[in-house]
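K.L.:
here is a sequence together with a model predicted from it:
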Amino acid sequence: MMMRNRLFTASLTVALLATSAFSQAKDFGTLKFATEAAYPPFNQTTPSGKIVGYEPDMVAELAKRADFKYEIIAQKWSGMIPGLIDGKYDAVIDAVTVTPKRAEAIDFTHQYTVSVSSFVTAKKSPLATLPGSGTIVTANDDAGMKKAIDDLKTTFKGKTIAVQVATIQADFLQKYLGDVATIRTYQAGPETFADLMNGRVDAVMASRTNLNAFVKKHAESISSSGYGFSGGVLGAGSAIGLRKGNSELQQVLNQALDAMIKDGTLSKLSIKWFGEDVAPKA
C-alpha cells in the first residue's frame with residue numbers, strides 16, 4: 001500500500017508540474033489563428049463552411065493541452081503574413097515554411113511538419129514522367145542539385161509551370177528555372193491545379209503533402225513524379241507563424257507541440273490527413 005501511495009504521489013507531482021508549465025502563462029483571451037482554408041489537406045473549407053484539416057486538428061489539440069480559447073479565420077495567402085504583422089490575428093497556420101527571409105519578419109514555433117517540394121503533371125502530357133523520380137535532393141548537395149536542375153531545365157524548356165504566389169516554391173522556380181520556363185503565379189493553390197487539369201500549364205510545383213492529396217483525388221489523370229527538393233530557399237519545414245516578440249505565446253505553443261511530437265499525437269494526425277508521417281521526430 002505504501003508503494004502504491006508513493007507511485008500515486010509521484011504521478012500526481014508530474015501531472016501538477018506539467019499543468020503548472022501552462023498555467024503560469026498569461027491569459028491570452030481568444031487567440032485568432034489565420035489560415036487559407038483552401039490548401040488541403042493542411043486546411044480546407046467544407047460545404048457547410050467549417051474549416052477542417054491537419055492544422056485545425058492540431059490547433060484544437062494545442063488548445064486542449066495549453067488551455068486557451070481560439071478561433072480559426074480564413075485569409076488570403078498573399079496578405080497573410082502582412083496581416084499577422086499588422087495585428088489582425090495572433091498566429092498563422094497555413095503550411096508556412098521556416099526560411100531565413102521569413103524569420104526576419106516574423107517568429108516561428110517549433111516545426112510541425114518536415115516538407116519536400118515536387119511537381120505534378122497530366123498523365124496525357126509529354127511530361128507525364130519527370131526525371132529523378134524517387135530522388136530527394138537537399139540544397140547542400142551541390143552535385144545532386146546541379147544534376148537535378150540541369151535535368152529539369154532540359155525537361156521544362158519552353159514549358160509553363162504553375163505555382164502559388166509568394167511561396168517558397170515560387171522562389172525556387174524563379175531562381176532555378178525562370179530562365180528556361182514560364183513561371184505563372186496564382187493567388188490560391190486550387191487555381192494552379194485547375195489550370196493543369198484544363199491544359200493551360202504543363203506542371204504544378206507545391207509541397208509534396210499538398211500534391212499527394214490532389215493526385216489521390218485525380219489519380220486517373222494526374223501523376224506525381226520527378227525530383228523532390230528540400231532546404232535552401234525551400235526552408236526546413238512548416239511552423240506556426242507569430243508576431244515578433246510574442247515570446248510567451250511562442251513558449252506555450254512550443255511546449256504543447258513538443259509534447260504532441262513526443263507522445264505520437266502529431267504523427268497520428270499526420271497519418272490521418274496525409275496518409276504518411278511527416279511530423280518531426282522527438
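P.N.:
Received it, and whenever you're ready, just let me know what you need. This is a predicted model, so every value here is computed, not measured.

K.L.:
let me see the ranges of the strands in this structure.
P.N.:
30-35, 38-39, 43-45, 51-52, 69-74, 91-92, 107-113, 117-122, 136-138, 160-164, 182-186, 203-207, 222-230, 238-242 (DSSP state E).

K.L.:
any chance of these in a markdown table, plus distance to residue 172 and mean pLDDT?
P.N.:
Where you see a C-beta, it was placed from the backbone N, CA and C, and this is true even at glycine. Shown next, in a markdown table, are those (distance: least, CB to CB, whole Å; pLDDT from 0 to 100):
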| stretch | distance to residue 172 | mean pLDDT |
| --- | --- | --- |
| strand 30-35 | 23 | 98 |
| strand 38-39 | 18 | 94 |
| strand 43-45 | 22 | 97 |
| strand 51-52 | 28 | 98 |
| strand 69-74 | 26 | 98 |
| strand 91-92 | 21 | 98 |
| strand 107-113 | 17 | 97 |
| strand 117-122 | 7 | 97 |
| strand 136-138 | 11 | 92 |
| strand 160-164 | 8 | 98 |
| strand 182-186 | 10 | 98 |
| strand 203-207 | 7 | 97 |
| strand 222-230 | 7 | 95 |
| strand 238-242 | 16 | 97 |
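
K.L.:
who wins for proximity to residue 282 among the ones you listed?
P.N.:
For those, proximity to residue 282 was assessed by CB to CB; strand 107-113 is nearest, at 10.9 Å.

K.L.:
what helices or strands is that closest one leaning on?
P.N.:
For strand 107-113, the elements it packs on are strand 238-242, helix 247-262, judged by 3 or more CB pairs under 8 Å, 6 or more residues apart in numbering; DSSP states H and E.

K.L.:
turn the strands of the chain into CSV, including distance to residue 252 and mean neighbour count.
P.N.:
Putting these into CSV (distance: least, CB to CB, whole Å; neighbours: other CB atoms under 10 Å) gives the following:
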stretch, distance to residue 252, mean neighbour count
strand 30-35, 10, 20
strand 38-39, 25, 22
strand 43-45, 22, 21
strand 51-52, 22, 18
strand 69-74, 12, 15
strand 91-92, 11, 26
strand 107-113, 9, 21
strand 117-122, 30, 25
strand 136-138, 32, 17
strand 160-164, 30, 23
strand 182-186, 35, 18
strand 203-207, 27, 26
strand 222-230, 29, 22
strand 238-242, 11, 25
